[in-house]
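Here you go, sequence then predicted model.
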Amino acid sequence: MQGLEPALQGYAWGSTTAIPELLGLAPGQDPVAEAWFGGHPSSSSHLTGDGRESLHAAIASRPGVLLGADVASRFGAQLPFLLKVIAAARPLSLQVHPSVELAQDGYAREDARGVPLDDPRRSYRDRNHKPELVYALTPFEALVGFRAPRRTAEILRGLSHPVARQLHKTVTADPSPTGVQEAFTRLVGEGTRPTPREVTELAEEFRARLRSGSPSPRTDRAVDLLERAYPGDPGAVTAVLLNPVTLHPGEALFVPAGAVHAYLDGTAVEIMANSDNVLRAGLTSKHVDIPELLRAVDCVAAPPIRIAPEHVYDATDVYYVPVDDFELSVTDVTPARACRLPSIGPRVALCLDGSVRLRAASGEELELTAGRAAVVPAAAGVLP
């Protein structure tokens, strides 16, 4: 077992306080959006110690010890997951993560065009899918997946702006995934999306309705929030098509590949397949790749996938997801008892509060305080 230093990401939507306070860092002027605890080659964590070896390099040189034979044979010489802490002080981009097949195809196409991996215009940073689980540390607001077209029609009914009337006509004429895709494409597609002026006008109509009586105040507030954060961006209007989600601390949400989503506010632990592939449609200053996003997006209307934990041992909740790349365990440690931690593969242990002493079956020990993390190799076995 060895301590793990996170790779910090200073994206514009991040918080200047949330992650520094959690990790015990000095606050600064610049936002800190994410802390990565993993071995993705684009921004690997480092092992603590004199050498500060990157976790990516350590796994590449010692896959059998760190990953174990089973994980190494299935995922190659890389940690199959990436653990993050994310802190959104303003809304993130409207985005979709690709499937494995689309990621492999897109990566190969961008390689063939000679687009460097670190080019900000590149959409595919690796060949992997990126399903993810969000575990809320504070109240966490998001828009995830398409809501029922019937409900979208109810929200749009009575609005006078031509964009709203056209969307209403589309989802009522064809309340199938095809109609949902047509409505979504009308908002974000190249050559079909509304102009910045039209977006601002429509947002004003939502704001006026919010003051006078709305069939969905939550949706109107989301449009208002997004348009104020990204003036004139048609991604703001997609809130009428998407499911609003509120997570309370301790609640978790699974976002599969293909699910369109935008995180609005809050701090959370996020665990995902080991990927940095993000296809964006708007609400961002980063690279937008609308044709690729429209290839990847799943337009079947469905409720958000909330994951209920399974209680194991005395103090641990495990959030199982329908992919093999990862699972999340949350253990509430008390001074009065030792807690057996589940899982026997490669793990990243992150202490969120107080302190904890990890003990391997071999007798090796490592103490973590709040905000500190460690990589636990497969060779350590179960932590009794």
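Thanks, I have the structure now. Source: prediction; values computed, not measured. Numbering: from 1, shown residues only.

Adjacent strands (with direction) for the helix or strand harbouring residue 311?
Secondary structure assignment for residue 311, by DSSP states H and E: strand 310-312. Using DSSP bridges, the strands paired with strand 310-312 in its sheet are strand 316-319 (antiparallel).

pLDDT averaged over the partner strand - what is it?
Average pLDDT, strand 316-319: 93.

Determine the longest strand present in the protein.
strand 261-273 (DSSP state E).

Only C-alpha atoms, please: export it in CSV.
Extracted C-alpha coordinates of strand 261-273, given in CSV (Å, rounded to 0.1, in the frame of the first residue of the first chain):
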residue,chain,number,x,y,z
HIS,A,261,-26.1,14.9,-18.9
ALA,A,262,-25.0,18.2,-17.4
TYR,A,263,-24.0,18.6,-13.7
LEU,A,264,-25.2,21.8,-12.3
ASP,A,265,-24.0,22.2,-8.8
GLY,A,266,-22.4,20.3,-5.8
THR,A,267,-19.5,18.2,-4.6
ALA,A,268,-19.3,14.5,-5.2
VAL,A,269,-17.1,11.5,-5.4
GLU,A,270,-17.2,10.2,-9.0
ILE,A,271,-15.9,6.8,-10.2
MET,A,272,-15.8,5.8,-13.8
ALA,A,273,-14.1,3.6,-16.3
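
Following that strand in sequence, what is the next regular element?
strand 279-282.

tell me the average confidence for that following strand?
97.

shift numbering so it begins at 780
In the new numbering, first residue 780, that becomes strand 1058-1061.

For whichever helix or strand comes after it, which residues meet the burial criterion?
Following strand 1058-1061 in sequence order, the next helix or strand is helix 1069-1075 (DSSP H and E). Across helix 1069-1075, burial judged by 16 or more other CB atoms under 10 Å covers 1069, 1071-1075. C-beta here means a position set from N, CA and C on the backbone, and glycine is covered the same way.

name the element residue 985 belongs to?
With DSSP H and E as the criterion, residue 985 is inside helix 975-991.

Return the distance of the strand holding residue 1090 from the chain's centre.
Centroid displacement of strand 1089-1091 relative to its chain, using CA atoms, centre = their mean, to the nearest Å, is 24 Å.

got it, and stretch 966-984?
For stretch 966-984, the distance to the chain centre is 26 Å (CA atoms, centre = their mean).

So which residues make contact with that stretch?
For stretch 966-984, the external contacting residues (CB atoms under 8 Å, 6 or more residues apart in numbering) are 873, 938-943, 946, 964-965, 1002-1003, 1006, 1010-1017, 1020, 1060-1061, 1069-1070, 1072-1073.

go on, stretch 1067-1077?
Outside stretch 1067-1077, the residues that reach it (CB under 8 Å, 6+ apart) are 874-878, 881, 885, 902, 924, 960, 963-964, 967-969, 1035-1039, 1058-1061.

The same query, at a cut-off of 6 Å, please.
875, 877, 881, 902, 967, 969, 1037, 1039, 1058-1060 (CB atoms under 6 Å, 6 or more residues apart in numbering).
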